[in-house]
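1. just the structure for this:
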Amino acid sequence: MVLPHDYSQADPWVPQKQYPVEIKPRSSEGFFLTEIEMFRDQMRKNLSEANFLDRCRWRFLRARLITDDDKMFRVTLASSMRNELRRLRSEAHSPSA
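-> Residues are numbered from 1 along each chain as shown. Okay, here's the model as predicted:
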């Protein structure tokens, strides 16, 4: 379960959205989940506490959406988010981390 960042008007740059949101077939919808610095801090913390096998599994991190009627769909992460995850993962693997 995720509480989207755009649910509450916490950030003036993120427009507020009312949930649940209907996503029509063959369409897409963007969701703001957290501020980027909070995401980076949490990922660094998670990666630093993870063992070697867990860190290897981060490469296969995926997102899924489950509907009210229990249908499951893959979520495509934006390329900027994939690049951010890749950068954070490489920081965790570097000797100075």
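
2. name the nearest residue to Leu47, ignoring sequence neighbours.
-> Leaving out its chain neighbours, the residue that sits closest to Leu47 by Cβ to Cβ, 6 or more residues apart in numbering is Ala92, at 3.7 Å. Just so you know, the C-beta spots here come from the backbone N, C-alpha and C atoms, and that holds for glycine as well.

3. what helix or strand is that neighbour on?
-> Taking DSSP states H and E as the definition, Ala92 sits inside helix 79-93.

4. mind listing what's buried in that helix?
-> Neighbour-count burial for helix 79-93 flags Glu84, Leu85, Leu88, Arg89, Ala92 (criterion: 16 or more other Cβ atoms under 10 Å).

5. closest to Thr76 out of the residues you listed?
-> Each of the buried residues of helix 79-93 was checked against Thr76 using Cβ to Cβ; the closest is Leu85, at 13.4 Å.

6. how near is the closest one to Glu22?
-> Separation of Leu85 from Glu22 (Cβ to Cβ, to the nearest Å) stands at 28 Å.

7. same thing with Ser80?
-> 26 Å.

8. also Phe73?
-> Counting by Cβ to Cβ, the gap from Phe73 to Glu22 is 14 Å.

9. same question for Lys45.
-> In terms of Cβ to Cβ, Lys45 sits 35 Å off from Glu22.

10. more neighbours: these two, which one.
-> Using other Cβ atoms under 10 Å, the more surrounded residue of Lys45 and Glu22 is Lys45, with 10 against 6.

11. how about the helix or strand that contains the more buried one: buried residues?
-> Lys45 belongs to helix 36-49 when assigned by DSSP H and E. By neighbour count on 16+ other Cβ under 10 Å, the buried set for helix 36-49 is Phe39, Met43, Leu47.

12. for the last one, give its distance to Phe73.
-> What that stands for is Leu47. According to Cβ to Cβ, Leu47 stands 27 Å off from Phe73.
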